[in-house]
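**Student:** pasting a predicted model and its sequence here:
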Amino acid sequence: MPKFVLIFLSTFLLLAVGCEHEKSTNEKPNIILMVGDGMGVAQVTAANYWNPQKSNYYNFKTVGLMETSSTSHKVTDSASGATAMSTGEKTYKRAIGVASDSTHLKTILEELHDQGYQTGLISLTSITHATPASFYAHVTDRDMHEEIASQLVDADLDFFAGGGWKYFLERKDNRNLFHELGEKGYEMDSLALPSKLDGSKKYGSLIAEGSLPSKVQGRVDFLQRAASSAIEYFKKSDKPYFLMVEGSYIDWGGHAEDAEMMIQESVDFDHTIGTVMDKTKTDDNTLLVVTADHETGGVAIGKYYEEDEVGNRIEVPDTLGIQFNTDQHTASMVPVFAKGYKEELFSGVYANNQIYHKLMEVCKLPD
């Protein structure tokens, strides 16, 4: 082959690769943020050892550590922890979407909605609970559930699923927020199969009066199905999307000092990560970030002992024991796992409010 032909072909290929790269980086990326409420390193360890399959955490190459304090307390709660991640600003304990002086802070969900993104939230607790509420509501205290519910009506989410219908129907002001959501175009209580979701409609599914059951109470695969349905729904549109998925009961297992509950919820969250990875494995323009708002229980995983017939403690080498040091939140750093588009931004050690700024950088939006 003549030399000038080789040069031409080489130049053409380089230009083609460059154009394809430019096309990819100019598209707005999809963002999936998964929050394991109360999930520290020990809870991730539990998901690894008690998962009957290989843990999905092994699929991550980019890992970081995140400090979780609030402006008022070294040991945070879910409200201030989630608000820091959703707004980029640390705030006081119990605050939802407001700064330390109680002024409203625009959340990343609201920012991305204004940039043409579709948006969604999934939780095992009430959709008005601290973590999901921190992405769309602005109140001075996390227990203002009816006010938070009324703000969801105007939040213009495209998809939400969880519990808490009592805050929408059994209200002191007698408003029927299901009716109001229907007037805004929502198909309510329609967590259907992915093929049944119309990409031109909006969906809300509140399938419990308060929170959904825990795994030890018999919950099956709601979190996986909801995440799968949301991603399939968003794929029906050519718009980018932001989705927050909360594994809520890892935290509750710590509060109850219930090892079995913590294990089952940690494994369920691990399985949901796997579902999300499967649904997005061909999407090179999607970023998955998995982290926590705080750690709960001061959990330690170590040796397991049994007593022999005379009362001597004997270590069981192929079994692990779980110990709780508290039934409250702790100040332990929590892990951050990232996979996909610009995942390298999430390595290192940083404060929880940096999650917002890193996500804004991924989306190339000004802070």
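**Tutor:** Received, thanks.
**Student:** shaky segments in this protein?
**Tutor:** Counting by pLDDT under 70, the chain shows low-confidence ranges at 1-26, 190-195, 366-367.
**Student:** show me the helices in it, by range?
**Tutor:** Assigned by DSSP state H, the helices in the chain fall at 3-26, 41-50, 78-87, 108-114, 130-133, 145-153, 166-169, 177-183, 222-235, 249-255, 259-280, 354-362.
**Student:** the closest residue to Met144 other than its chain neighbours: neighbour count?
**Tutor:** Nearest residue to Met144 in three dimensions, chain neighbours excluded: Ile96, at 7.6 Å (Cβ to Cβ, 6 or more residues apart in numbering). Yep, even glycine has a C-beta here, placed from its N, CA and C like the rest. Counted with other Cβ atoms under 10 Å, residues neighbouring Ile96 total 32.
**Student:** again, but for Val220
**Tutor:** Neighbours of Val220 under the rule other Cβ under 10 Å: 10.
**Student:** repeat that for Ser126.
**Tutor:** Ser126, neighbours per other Cβ under 10 Å, totals 26.
**Student:** related to what we said a few turns ago, so what sits opposite the residue nearest to Met144 in the bridge?
**Tutor:** Val139 (DSSP bridges).
**Student:** and it, what is it in contact with?
**Tutor:** 79, 83, 130, 133-134, 137-142, 144, 148 (Cβ atoms under 8 Å, 6 or more residues apart in numbering).
**Student:** which of these sits closest to Pro52?
**Tutor:** For the contacts of Ile96, the closest approach to Pro52 (Cβ to Cβ) belongs to Ala130, at 31.4 Å.
**Student:** Gly81 versus the closest one, what's the distance?
**Tutor:** 8 Å (Cβ to Cβ, to the nearest Å).
**Student:** isn't Lys358 up against Glu343?
**Tutor:** No - when contacts are counted by Cβ atoms under 8 Å, Lys358 is not listed as touching Glu343 (10.2 Å).
**Student:** neighbours of Gly348, how many?
**Tutor:** Around Gly348 there are 14 residues (other Cβ under 10 Å).
**Student:** now swap in the one 4 residues further on and tell me
**Tutor:** Counted with other Cβ under 10 Å, residues neighbouring Asn352 total 27.
**Student:** from Asp293, how far off is it?
**Tutor:** Applying Cβ to Cβ, the value for Asn352 to Asp293 is 8 Å.
**Student:** and Phe324, by the same measure?
**Tutor:** Here Phe324 is placed at a distance of 18 Å from Asp293 (Cβ to Cβ).
**Student:** neighbour-wise, which of those two wins?
**Tutor:** Per other Cβ under 10 Å, whichever of Phe324 and Asp293 has more neighbours is Asp293, with 30 against 20.
**Student:** what sits closest to the more buried one if chain neighbours are left out?
**Tutor:** Nearest to Asp293 is Gly81, by Cβ to Cβ, 6+ apart, at 3.4 Å.
**Student:** let me see the contact set for that neighbour.
**Tutor:** For Gly81, the residues meeting the contact criterion (Cβ under 8 Å, 6+ apart) are Thr68, Ser70, Thr131, Asp293, His294, Asn352.
**Student:** right, and the fifth one touches Ser78 too?
**Tutor:** Right, His294. Yes - using Cβ under 8 Å, His294 makes contact with Ser78 at a distance of 7.0 Å.
**Student:** identify the contacts common to these two.
**Tutor:** Asp251.
**Student:** before we move on, the earlier item: buried ones among the contacts of Ile96?
**Tutor:** The neighbour count (16 or more other Cβ atoms under 10 Å) marks Ala79, Thr83, Ala130, Ala133, Ser134, Ala137, His138, Val139, Arg142, Met144, Ile148 as buried among the contacts of Ile96.
**Student:** list the contacts of the fourth one.
**Tutor:** This points to Ala133. Contacts of Ala133 (Cβ under 8 Å, 6+ apart): Ala79, Ala82, Ile96, Gly97, Ile127, Val139, Arg142, Ile148.
**Student:** measure the fourth one to Trp165 for me?
**Tutor:** Think Gly97. 22 Å.
**Student:** settle it for me: which of the two has more neighbours?
**Tutor:** Ranked by neighbour count (other Cβ under 10 Å), Gly97 and Trp165 place Gly97 first, with 26 against 22.
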